[in-house]
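**Student:** Mind looking at a prediction? Sequence and model below.
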Amino acid sequence: MAGPIPCLGYPSRTAAVLALRSAGQSTAQIAQRVNITKKQVLALEDSAARSRTAGTAVTRVEIVPGVAALLEQAAVKRGMTIRQLGATILETVAVEKMVDAVLDDREAF
């Protein structure tokens, strides 16, 4: 297998994709800039996410169709899949210690 392919001043296409995404670029915009397909953009993001969790327990959360439909517009707006958006929301709530605030069931400590 070949090593990383430098891209747009980043050490790899994956690094370029992640940087462009964090800058708010859509999947289509990233694909055009990196000269790959939208499917490849999503695959590189998924691969990076798996690499970040390598060696850790990964729990899968199912997004039921009704909830997925509610998230669809927000996912499209961000150039993400519904699954990616759901994972991002869940990670943000956990890392920022916002569970109590989101659920509004008691004051956060």
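**Tutor:** Everything's here; your move. Residues are numbered from 1 along each chain as shown.
**Student:** Could you use CA atoms for every contact and neighbour count after this?
**Tutor:** Fine.
**Student:** Domain map for this protein?
**Tutor:** 1-56, 59-109 (automatic domain parsing).
**Student:** Looking at those domains, which one is packed in the most?
**Tutor:** Mean neighbour count (mean count of other C-alpha atoms under 10 Å) peaks for domain 1-56 among these, with a mean of 15.
**Student:** picking up where we left off before, could you export the domains of the chain as TSV, including mean pLDDT?
**Tutor:** Below are those laid out as TSV (pLDDT from 0 to 100):
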stretch	mean pLDDT
domain 1-56	84
domain 59-109	81
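**Student:** Can you list the neighbours in contact with stretch 13-21?
**Tutor:** 4-10, 27, 30, 34, 41, 44-45, 48 (C-alpha atoms under 8 Å, 6 or more residues apart in numbering).
**Student:** Tell me which two in those are the farthest apart.
**Tutor:** Pro4 and Thr27 (20.5 Å; C-alpha to C-alpha).
**Student:** that older thread, what's the closest of the contacts of stretch 13-21 to Val95?
**Tutor:** For those, the nearest to Val95 is Ala48 (18.4 Å; C-alpha to C-alpha).
**Student:** what helices or strands is the one helix or strand that closest one maps to leaning on?
**Tutor:** For Ala48, the host element (DSSP states H and E) is helix 38-52. With contacts taken as 3 or more C-alpha pairs under 8 Å, 6 or more residues apart in numbering; DSSP states H and E, helix 38-52 sits against helix 13-22, helix 27-34.
**Student:** Name the residues that touch that helix?
**Tutor:** Residues contacting helix 38-52 (C-alpha under 8 Å, 6+ apart): 14, 17-18, 27-28, 30-31, 80.
**Student:** Looks like Pro11 contacts Pro4 (just checking).
**Tutor:** Yes: if you go by C-alpha atoms under 8 Å, Pro11 and Pro4 touch, sitting 6.8 Å apart.
**Student:** centroid residue for this protein?
**Tutor:** Among the residues of the chain, the one closest to the centroid is Gln84, at 4.5 Å (C-alpha atoms, centre = their mean).
**Student:** Next one: Pro65 from Pro11, what distance?
**Tutor:** 38 Å (C-alpha to C-alpha, to the nearest Å).
**Student:** Which among the helices and strands packed on helix 38-52 is found nearest to Ile89?
**Tutor:** helix 13-22 (14.5 Å).
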